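Undergrad: Curious how this folds, go ahead:
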Amino acid sequence: MNALSDPGPAVLPPHQGPLTRSLINHCIRTAIQVFAARHLHLPPFAFWTVDDWQTKGHEADEIRDCMLGWDVTDFGSGDFPRIGRTLFTLRNGRLGDVNYPKGYAEKYILDPEGQRAPAHFHRSKREDIINRGGGNILIQLTRTTPENGWSEEPFTVQVDGEQWALQPRGIVRLRPGQSLTIPPRTIHQFWGEEGSGWTVSGEVSSVCDDHADNFFFADLQRFPRLIEDEPRQYYLCHEYPRVP
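TA: Residues are numbered from 1 along each chain as shown. Model (predicted):
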């Protein structure tokens with residue numbers, strides 16, 4: 001299998017229970033292959049190994065402090081093939097930090113068929129979800145009430161600058177090249193459509209603050225503990241070694 005081919009069916013290996021390092025290593029290798037097959041090129045730090053990071057000083061602080069790089073999580077669900085994410089953050093700022101004034105962020109997200117993040121909304125982040133290639137992406141959307149509940153009111157969204165009317169829990173299908181804008185306080189989930197193959201979604205947004213801006217409807221962990229069943233191949237975005 002060459003680097004520009006997909007790694008088989010667009011499903012993840014069966015896995016129940018806490019995340020393991022072996023599963024994380026597998027997902028990162030898979031993402032690298034799928035991104036390459038979609039002609040999406042990653043920056044050099046995507047491939048820095050654990051040994052490479054031992055040579056990095058303060059010149060790499062933006063990567064550390066803005067949590068750039070690989071991010072694999074099941075949100076503590078114990079059901080990674082259904083509720084989970086493998087993504088790569090290319091750029092991001094840091095709210096309130098004059099050292100990192102970027103007001104925007106960008107990510108590539110691996111979309112296996114059916115896998116999704118938990119239903120959630122962002123208090124302040126506005127994001128565009130872009131189908132960067134492969135199969136179709138399904139996005140389910142609902143506006144929130146002032147009390148952070150699920151609104152039963154119809155609403156509108158923008159798909160490639162065109163206004164679409166939706167009912168609560170309505171689903172938008174994005175084909176390759178299409179994009180959808182998700183305003184703050186819009187509950188959403190998205191996933192690769194079953195039967196359409198490996199898909200990569202891009203996210204272009206205002207600054208991403210995973211510690212303070214996410215609102216989930218269950219007691220979830222954005223960065224859960226891992227079982228270290230094999231050596232780490234790449235650091236995740238919250239694991240980088242610090243320097244004095």
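Undergrad: Any idea what the nearest residue to Phe216 once chain neighbours are set aside is bridged to?
TA: Using Cβ to Cβ, 6 or more residues apart in numbering and skipping residues adjacent in sequence, the residue nearest Phe216 is His120, 4.8 Å away. To be clear about C-beta, it is placed using only N, CA and C from the backbone, and glycine gets the same treatment. His120 forms beta bridges with His188, Phe216, as assigned by DSSP bridges.
Undergrad: residues contacting His120?
TA: His120 makes contact with 187-189, 214-217, according to Cβ atoms under 8 Å, 6 or more residues apart in numbering.
Undergrad: how about the longest helix belonging to the chain: buried residues?
TA: Ranked by residue count and defined by DSSP state H, the top helix of the chain is helix 21-37. Using 16 or more other Cβ atoms under 10 Å as the burial criterion, the residues of helix 21-37 that qualify are 21-28, 30-37.
Undergrad: And stretch 147-167, by the same measure?
TA: 155, 157, 166.
Undergrad: Out of those residues, list just those in strands.
TA: Those of the buried residues of stretch 147-167 mapping onto strands are 155, 157, 166, per DSSP state E.
Undergrad: My understanding was that the second one contacts Val172; is that so?
TA: Yes. Under the contact definition of Cβ atoms under 8 Å, Val157 touches Val172, with a separation of 6.8 Å.
Undergrad: Name the residues contacting each of the two.
TA: By Cβ under 8 Å, 6+ apart, the residues touching both Val157 and Val172 are 141, 164, 166, 180.
Undergrad: can you list those in JSON lines and add pLDDT, distance to Ser151 and secondary structure?
TA: Output for the shared contacts of Val157 and Val172, formatted as JSON lines (pLDDT from 0 to 100; distance: Cβ to Cβ, whole Å; DSSP: H, G, I helix; E, B strand; the rest coil):
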{"residue": "Leu141", "pLDDT": "98", "distance to Ser151": "11", "secondary structure": "strand"}
{"residue": "Trp164", "pLDDT": "97", "distance to Ser151": "17", "secondary structure": "strand"}
{"residue": "Leu166", "pLDDT": "98", "distance to Ser151": "11", "secondary structure": "strand"}
{"residue": "Leu180", "pLDDT": "98", "distance to Ser151": "18", "secondary structure": "strand"}
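Undergrad: which of those residues lies closest to Ile129?
TA: Leu180 (5.2 Å; Cβ to Cβ).
Undergrad: Can you name the residues that contact that closest one?
TA: For Leu180, the contacting residues are 128-129, 139, 157-159, 172, 174, by Cβ under 8 Å, 6+ apart.
Undergrad: do the same with Thr199
TA: Counting by Cβ under 8 Å, 6+ apart, Thr199 makes contact with 10, 111, 131-137, 192-193.
Undergrad: Of those, which is the nearest to Leu68?
TA: Using Cβ to Cβ, these come closest to Leu68 at Arg132, 18.1 Å.
Undergrad: wouldn't that closest one be in contact with His41 here?
TA: No. When contacts are counted by Cβ under 8 Å, Arg132 is not listed as touching His41 (11.7 Å).
Undergrad: neighbour-wise, which of these two wins?
TA: Arg132 (21 against 8; other Cβ atoms under 10 Å).
Undergrad: quick one: contacts for the more buried one?
TA: By Cβ under 8 Å, 6+ apart, Arg132 lies in contact with 38, 40, 108, 176, 199-202.
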